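Trainee: The sequence isn't on hand, but the structure is:
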């Protein structure tokens, strides 16, 4: 497995694939069993648990904010809770921080707490750490590829270089892909350690790929934005229609990409379906 600095292009075409919620059916379970419940526990929201968890899942899974940073999501959901159910102290300060901070991570939240002394930052950090721990305890049978995803990855690899481009934890991504034999079809794995998805795609273009020969496969608006920022093509995996999307990728989208007829009317059609599915 190559690292980015040593990577060398093998073929003329490159397919970049997101992991969580795109190739691997790991996004829903993390939010449904970890992110949302840990927030309810940390802020004592048991009285409104059902309503709050439904709102958390709408924000993170089923609308145009799908895939946003965990702290942006936390601020958005807690602001709603504060307005609809009970006051969340210092929520405005936390939301303002998420909107202006240079980095949104455990380290930056810890730094904000040290700088301000505001309890909400400590609670946000405790919540985030609890989420990470809960994820490690998820049953293994919940972490698997979407139906037809492995077939799609293998089909891409027969004609193109394949790169994982994910904002998830590298160790978890590698473990999940290796478990199901999918890493054999991958040239390079880029995760949060390398940088943003847009940055990673940009770095791959510097390896000599023509932008019209690069396709980003993703499930969230952020994946589409990363592709657009680099002038490459985008193919969406539709939430709740993942198996259908992967079948279509293998049978329809990938051949069009390789023959040069993907850009234009076809891409506009699949992107329109993607946006409608999240609206």
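Mentor: Nice, thanks for sending it over. Everything quoted here is computed from the prediction, not taken from an experiment. Numbering: from 1, shown residues only.
Trainee: low pLDDT regions in the protein?
Mentor: 1-3 (pLDDT under 70).
Trainee: Tell me how far the residue located most distally from the centre of it lies from residue 130.
Mentor: Going by C-alpha atoms, centre = their mean, the residue of the chain most distant from its centre is residue 117, 31.1 Å out. To residue 130, residue 117 is 21 Å away according to C-beta to C-beta, to the nearest Å. In this view, the C-beta of every residue, glycine as well, is placed from N, C-alpha and C.
Trainee: what's near enough to touch residue 70?
Mentor: Taking C-beta atoms under 8 Å, 6 or more residues apart in numbering, we find residue 70 in contact with 35, 104, 128, 131.
Trainee: Residue 121 now?
Mentor: 94, 97, 109, 110, 112, 113.
Trainee: Show me which of those residues is closest to residue 45.
Mentor: Closest approach to residue 45 among those (C-beta to C-beta): residue 94, at 15.6 Å.
Trainee: hang on, that closest one in a strand?
Mentor: No - Residue 94 sits outside any strand when classified using DSSP: H, G, I helix; E, B strand; the rest coil, being helix.
Trainee: my guess is it meets residue 122, correct?
Mentor: No - in this structure residue 94 lies outside contact range of residue 122 using C-beta atoms under 8 Å: 11.0 Å.
Trainee: neighbour count winner among these two?
Mentor: residue 94 (24 against 15; other C-beta atoms under 10 Å).
Trainee: Can you pick out the ones from the contacts of residue 70 that are in helices?
Mentor: Using DSSP state H, the subset of these located in helices is 128, 131.
Trainee: Who wins on neighbours among the contacts of residue 70?
Mentor: residue 35 (24 neighbours).
Trainee: Determine which two of the contacts of residue 121 are furthest apart.
Mentor: Top of the distance list for these (C-beta to C-beta): 94 and 110, 13.8 Å.
Trainee: can I assume residue 274 is in contact with residue 224?
Mentor: Yes - contact criterion C-beta under 8 Å: residue 274 and residue 224 qualify, at 7.3 Å.
Trainee: In terms of neighbours, single out the busier of the two.
Mentor: Taking other C-beta under 10 Å, residue 274 and residue 224 do not tie; residue 274 has more neighbours (24 against 18).
Trainee: separation between that one and residue 238?
Mentor: From residue 274 to residue 238 the distance is 6 Å (C-beta to C-beta).
Trainee: Look up phi and psi at the residue nearest the centre of the chain.
Mentor: For the chain, the residue nearest the mean C-alpha position is residue 67 (4.9 Å; C-alpha atoms, centre = their mean). The phi and psi values for residue 67, taken as degrees, to the nearest 10, are phi 80, psi 10.
Trainee: residue contacts, it?
Mentor: The contact partners of residue 67, by C-beta under 8 Å, 6+ apart, come to 21, 27, 60, 219, 220, 221, 222, 223.
Trainee: Give me the subset of those that lies in helices.
Mentor: Taking DSSP H as the definition of helices, the contacts of residue 67 contribute 27, 221, 222, 223.
Trainee: Dump the residues you listed to CSV, plus neighbour count and distance to residue 162.
Mentor: Shown next, in CSV, are these (neighbours: other C-beta atoms under 10 Å; distance: C-beta to C-beta, whole Å):
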residue, neighbour count, distance to residue 162
27, 21, 20
221, 18, 23
222, 19, 20
223, 30, 15
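Trainee: for the stretch 151-279 of the chain, what spans make up the strands?
Mentor: 161-165, 188-190, 214-218, 233-236 (DSSP state E, counting those that start in this stretch).
Trainee: May I see those arranged in TSV, with distance to residue 77 as well?
Mentor: Shown next, in TSV, are the strands of the stretch 151-279 of the chain (distance: least, C-beta to C-beta, whole Å):
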stretch	distance to residue 77
strand 161-165	27
strand 188-190	29
strand 214-218	23
strand 233-236	25
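Trainee: For the contacts of residue 67, which two are the farthest from each other?
Mentor: It's 60 and 223 that sit farthest apart of those, by C-beta to C-beta, at 14.7 Å.
Trainee: and residue 5, how many neighbours does it have?
Mentor: Going by other C-beta under 10 Å, the residues that sit close to residue 5 add up to 7.
Trainee: Could you look up the SS state of it?
Mentor: Classified using three-state DSSP, residue 5 is helix.
Trainee: now it: how far from residue 207?
Mentor: 11 Å.
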